[in-house]
Structure formats: C-alpha cells, structure tokens
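Q: Predicted model, plus sequence, below.
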Amino acid sequence: MPQENEIIIRPMEEKDIPQVESIERASFPSPWTSRLFYLEIKKKNFAYYHILEFKGKVVGYIGYWKVHDEAHIVTFAVHPLYRRKGFGKALLNYVLEEAKKRGIKRATLEVRETNYAAQKLYEKVGFKKVAIRPGYYHDTGENAVIYWKNF
C-alpha cells in the first residue's frame, strides 16, 4: 500500500498523455488514442481527468463526465505493475470526493463482465451492480456490468 506522501493525484495535463496512453494500451483491447485524451482534457466544463503519480511516474488515471448531478466514469486504469496495491482505490476515492464537492449526487460506470478485479474494487468502495448491458463492448461483444453509487 503506497504511503500518502508518496503519491500525487492531480488533474491530467497534456504532458501526461504519453504515459496515460501507454497504460491505456496495456489495459484495454481497444485503447483510446492520445488524440482522444487530448480532446477530452480540453472539455473543461464537463469532463474531468486525473492522474496518480507514484515516485514521479504516472501509474494510473481516471476520467469522468459531469452529466447533471451524475459523474459518469468513462475511463479508469492502473498500470499492470501497480495493480492490487491500493493505487486504484486511492485514485477512485479521491475523484469521488472531488465529484461530491462539485455537487454531484451519484456516480455510474460500465465494466467488462469478465473484469472481476475491477468489479471487486468498485464494490469495495460502495458501488452497487444494477444491470447488464448485453454486447456493450463492440470489440469482443462482451457484456457490460453497470454500477451505481449514491453519495
């Protein structure tokens, strides 16, 4: 488990995108491109992206869209070498607290049905499984599990 003084969580900047894209490619079968991340971080009025640095290296990131009083988590990943060490939980909790400060009342996300580690993390921080979206992931046809968390 990382010590609080060893990690920095801050808004994603353009300079972070190469490291974020590297984590993205290591994490997802159909990764976002650097251009997509660049466009997303420019949407200041409703899109919020953060990175987690550990010892000066970007090891995780998360992004959500504010839609009315909801935070829709659109992307979230931790570098494979840093998973199951508390980094994802720290980043997720930080962003959920930040969302609450923005007046957000609930959070939602979709996760691959076979991503059991992520589902365990979401449930650990209070998300509830509410539905299945059949065939949601176009690359594999896999179902998505929809999670919600009320604040």
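A: Sure thing, it's come through.
Q: alpha carbons only for contacts and neighbour counts from here, please
A: Will do.
Q: give me the element the residue nearest the centre of the chain is part of.
A: Ranked by distance to the mean C-alpha position of the chain (C-alpha atoms, centre = their mean), the top residue is Phe76 at 2.2 Å. Under the criterion of DSSP states H and E, Phe76 resides in strand 70-78.
Q: Now tell me what touches that strand from outside.
A: 23-24, 27, 59-66, 87-88, 99, 104-110 (C-alpha atoms under 8 Å, 6 or more residues apart in numbering).
Q: Could you list every helix and strand that the helix or strand that that strand is followed by packs against?
A: On the C-terminal side of strand 70-78, the closest following helix or strand by DSSP H and E is helix 87-101. Using 3 or more C-alpha pairs under 8 Å, 6 or more residues apart in numbering; DSSP states H and E, the elements in contact with helix 87-101 are strand 47-54, strand 57-67, strand 70-78.
Q: Adjacent strands (with direction) for the second one?
A: The one in question is strand 57-67. strand 47-54 (antiparallel), strand 70-78 (antiparallel) (DSSP bridges).
Q: and that strand with helix 87-101, angle?
A: When axes from the mean of the first three to the mean of the last three C-alpha atoms, to 10 degrees is applied, the directions of strand 57-67 and helix 87-101 differ by 30 degrees.
Q: What residues of the lowest-mean-pLDDT helix or strand in the chain count as buried?
A: Within the chain, no helix or strand scores below helix 34-41, which has a mean of 93 by mean pLDDT, DSSP states H and E. Of the residues in helix 34-41, Ser34, Phe37, Tyr38, Glu40, Ile41 count as buried by neighbour count, 16 or more other C-alpha atoms under 10 Å.
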